[in-house]
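Undergrad: Take this sequence and fold it.
(chains A and B)
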Amino acid sequence: MSIQLHQISKRFGPTVVCENVDLHIPAGEMVALLGPSGSGKTTLLRIMAGLEAPDAGRVFMHGEDATDASVQERRVGFVFQHYALFNHLSVRDNVAFGLRVQPRAQRLPEAQIRRRVDELLERVQLSALAGRHPNQLSGGQRQRVALARALAVQPQVLLLDEPFGALDAQVRKELRRWLRRLHEDMHVTSVFVTHDQEEAMEVADRIVVMNKGRIEQEGHPQELYDRPASPFVLQFLGDAQRLDDGGTPLWVRSHEIAVHPEHAPGRLAATLVHALCMGPRMRLGFQRPDGAAVEVELTREEFQAQPLDVGRAYHLEARRPARFQQAA
Amino acid sequence: MSSVLPVSPVPLGAALPRPAAARRKKAQARQRWINALLAGVALLFLTLFLFVPLVSVFVQAFAKGVDVYLDAITHPDALAAVKLTLLAAVISVPLNLVFGVAAAWAIAKFDFRGKSVLITLIDLPFSVSPVIAGLIYVLVFGLQGWLGPWLRDHDLKIIFAVPGIVLATVFVTFPFVARELIPLMQAQGKEQEEAALVLGASGWQTFWHVTVPNVKWALLYGVILCNARAMGEFGAVSVVSGHIRSQTNTMPLHIEILYNEYQFAAAFAVASLLAGLALVTLVLKALVERRVKAELRAQQAAEAGA
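TA: Have a look, this model is predicted:
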């Protein structure tokens, strides 16, 4: 089912959280709402779910105006950052909850409910823990229960609010991949909110970058990375460094800067301040004459081929620079 | 040449030099004495102000023998007082249960204008003297009160009758359930309720299957406290009651009457019933308190993530 947001605006008190947002999410796609805190992405997600009402604008689901539809009528699945599992119910009862609260007329027979719950627990690989309670599970397990619970009622749309934000880095990576595979299996229209660009790029078909209540750019991950429409998007997707050479600011990614010992036209002078080993890469901190800091990333091989000394002056060349019309 | 290397008096692998170890032991012993002293003071205080009075209630109750005791508690006036006390509790506790849950739910899960006013109002019965509480009802419902003439015209008696007693009891026990629930519900937030709504549950289903089970122990605790106060309330009920023997006397009032008539053994006999209730309340409270703390701790652990 597709979702369409038309001119959505929302404010909380004096703060404008969303401003005239237009967004179209095609059926079956996994879309990431990416942006820093306060960019309005969670609010937008909650407006889609019906948990918040927009001050202006309309929400369309599958072509129909759903703006005034209640939360229950929208038939969406929602996964919360802190799981929101029902603490007093077992895993099995949590997953079955949505099926058991349906009105008698539409409710499935108990045997069928049980079967569907077992299938879902199988899919999220938690069958062995079906009898446990949420406080006996790890964070990653809880989030999988939350996902199974949301999917149990066969929603047309799945909304995830920073689903892996509360988990360890390792668990986050595993669940990310797992979510991607789940989506490829089930193809439910999904929207997830994140501030982690790596997550967005790995999981989503399309990314929508938001900033201060507005959409900065949307498109496929590759497109956003290679052709950012603004410094904000460039900075958000990858370590962008700003270099001032007198004209409009030059933007270049950390790993697309070459370090030369000698000067040449177009190269900028900087002193090496520190060199950190970050596993397979080296992160070098330079300082320009005007005091600005520039970070350069080199592979270990590159660094070993041309070792650099802290305190010496070098000349930086931007390999794929970008300049933007507006001042950054 | 003989060796002039100094030899250490203590082998290298030994424990701390003796002065430091002795100092540490002394500090530990002193700490133990202080703990014992504090515990002793607390115990002495409890003994004087709690144990002794409690025990003396029972001692005085049986001072004239078991027969007098049984006569006192089966006397018609006493039985009427017990019945009235139970009636007041049976009405005010469920009422305050409903009020308390509704108020706590509104305060914890919603934002609305007048929220802080509501919170202040909930605490009002605690800050007001029970006698004033009773007086409020006399001023409103009494013959000279605002609604007095209207009530007299419709032949309704509130003051100096059972309804007044129930109202006064409801007032003084109002905060107990709400105050237990509000912090817990605030800590729990709205997420579980939102999750239930998104899954298709109606507001009522969400309330019954998500909100209430999450606070069941705190609710029980509030009910226990509410009940204890409802049965033991004296000041507010005394003002509105009129002290009409066998009609508008609760147990605390009946005890006062017996005592004023110098029927000490009988007074203490009835008082022993209330003392017994107090003991039962304390035990139940202790049992439930552990669960309440666990409930709050579980919520905080859930927030911290696993």
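
Undergrad: residue contacts, residue 192?
TA: No chain was given, so I picked chain A. A:M30, A:V31, A:A32, A:L33, A:L159, A:L160, A:D161, A:E162, A:P163, A:V203, A:A204 (C-beta atoms under 8 Å, 6 or more residues apart in numbering or on different chains). To be clear about C-beta, it is placed using only N, CA and C from the backbone, and glycine gets the same treatment.

Undergrad: hm, I was asking about chain B
TA: Residues near B:Q192 by C-beta under 8 Å, 6+ apart: A:A84, A:L85, A:F86, A:N87, B:V210, B:T211, B:N214.

Undergrad: Same check on A:E29?
TA: A:T189, A:S190, A:D205, A:R206.

Undergrad: and these as TSV, adding distance to chain B and pLDDT?
TA: Shown next, in TSV, are those (distance: C-beta to the nearest C-beta, whole Å; pLDDT from 0 to 100):
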residue	distance to chain B	pLDDT
A:T189	15	93
A:S190	15	94
A:D205	23	93
A:R206	24	94
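
Undergrad: Please pick the buried ones from these.
TA: A:T189, A:S190, A:D205, A:R206 (16 or more other C-beta atoms under 10 Å in any protein chain shown).

Undergrad: The second one sits in which helix or strand?
TA: So that's A:S190. Using DSSP states H and E, the element containing A:S190 is strand A:189-194.

Undergrad: for chain B, which spans come out with low pLDDT?
TA: Applying pLDDT under 70 to chain B flags the ranges B:1-17, B:301-306.

Undergrad: Which neighbours in the sheet does the strand holding A:S190 have, and how are they oriented?
TA: strand A:30-34 (parallel), strand A:157-161 (parallel) (DSSP bridges).

Undergrad: quick one: average confidence on the last one?
TA: Averaged over strand A:157-161, pLDDT sits at 94.

Undergrad: likewise the first one?
TA: Here strand A:30-34 scores 94 as its mean pLDDT.

Undergrad: Helix, strand, or coil at whichever residue of the stretch 151-300 of chain A sits closest to chain B?
TA: Closest contact between the stretch 151-300 of chain A and chain B, by C-beta to the nearest C-beta, is at A:A166 (4.2 Å). The three-state assignment at A:A166 reads coil, by DSSP: H, G, I helix; E, B strand; the rest coil.

Undergrad: Report the contact partners of it.
TA: Per C-beta under 8 Å, 6+ apart, neighbours of A:A166: A:Q81, A:H82, A:Y83, A:G139, B:G305.

Undergrad: How is the second one assigned, secondary-structure-wise?
TA: Per three-state DSSP, the secondary structure class of A:H82 is coil.

Undergrad: Okay, the closest residue to it other than its chain neighbours and A:G38: tell me how far apart.
TA: Using C-beta to C-beta, 6 or more residues apart in numbering or on different chains and skipping the chain neighbours, the partner closest in space to A:H82 is A:A166 (5.7 Å). Separation of A:A166 from A:G38 (C-beta to C-beta, to the nearest Å): 19 Å.

Undergrad: try A:M61
TA: Taken as C-beta to C-beta, the span from A:M61 to A:G38 is 27 Å.

Undergrad: after the strand holding A:S190 comes which helix or strand?
TA: Next along from strand A:189-194, by DSSP H and E: helix A:197-203.

Undergrad: Show me what that next one is packed against.
TA: strand A:30-34, helix A:169-186, helix A:221-226 (3 or more C-beta pairs under 8 Å, 6 or more residues apart in numbering or on different chains; DSSP states H and E).

Undergrad: Most neighbours among the contacts of A:F192, which one is it?
TA: In terms of neighbour count, A:L33 stands highest of these at 30 neighbours, by other C-beta atoms under 10 Å in any protein chain shown.
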